[in-house]
Structure formats: structure tokens, C-alpha cells
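*Asks:* Below are the sequence and a predicted model for it; my questions follow.
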Amino acid sequence: MKRVIALMMVAMFSTAVLAGCNTVAGAGQDIQKAGDKIEDKADDCSDGKC
């Protein structure tokens, strides 16, 4: 019985870690896209066309 409980806890921990990695990766992509848009706008404004 202890072995089953231990395996279930390992499985739940592994699932949480994998879900967390996907969440962080998605957030990183969103932040990168926002940074790209800010950079594009800064390039547009450097020409004096804001």
C-alpha cells in the first residue's frame, strides 16, 4: 500500500512540474512578443514619425 501511495505522489509531482514548465514557457513567449512590438514601435519613433 505504501508503494502505491509513493508512486501516486511521484506521478502527481511529475505532472505538476511538467505543467509548470509549459506555463513558464508560454509566459516567456508572450513576454518576448510584447518586447518585439515595443522594439518595433521604438524603431518607428526613432525616425521622428511618432
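*Replies:* All right, it came through fine. Residues are numbered from 1 along each chain as shown.

*Asks:* Return the distance of whichever strand or helix holds Lys41 from the chain's centre.
*Replies:* Using DSSP states H and E, Lys41 sits within helix 2-46. Here the centre of helix 2-46 is set off from its chain's centre by 2 Å, with C-alpha atoms, centre = their mean, to the nearest Å.

*Asks:* and if you look at stretch 43-50?
*Replies:* 31 Å.

*Asks:* neighbours around Thr23, how many?
*Replies:* Using other C-beta atoms under 10 Å, Thr23 has 10 other residues around it. The C-beta positions use only the backbone N, C-alpha and C, and glycine is treated the same way.

*Asks:* and what of the one 4 residues further on?
*Replies:* Burial measure for Ala27: 10 neighbouring residues, criterion other C-beta under 10 Å.

*Asks:* please renumber so the chain begins at 47
*Replies:* Okay, using 47 as the starting number, the last item reads as Ala73.

*Asks:* what ranges of this structure fall below the confidence cut-off?
*Replies:* 95-96 (pLDDT under 70).

*Asks:* can you rerun that using 80?
*Replies:* Scanning the chain for pLDDT under 80 picks out the ranges 63-68, 70-71, 92-96.

*Asks:* From Gly72, how far off is Asp82?
*Replies:* For Asp82, the distance to Gly72 (C-beta to C-beta, to the nearest Å) stands at 16 Å.

*Asks:* ignore the last one, Cys91
*Replies:* For Cys91 relative to Gly72 (C-beta to C-beta), the value is 29 Å.

*Asks:* next one: Arg49
*Replies:* 35 Å.

*Asks:* which of these two has more neighbours?
*Replies:* Gly72 (10 against 7).

*Asks:* number of nearby residues for Thr61?
*Replies:* So Thr61, with other C-beta under 10 Å, has 10 neighbours.

*Asks:* Also Ile84?
*Replies:* 10.

*Asks:* now the one 3 residues further on
*Replies:* Close neighbours of Lys87, defined as other C-beta under 10 Å, add up to 11.

*Asks:* ok, now the one 5 residues further on?
*Replies:* By other C-beta under 10 Å, 9 other residues sit near Ser92.
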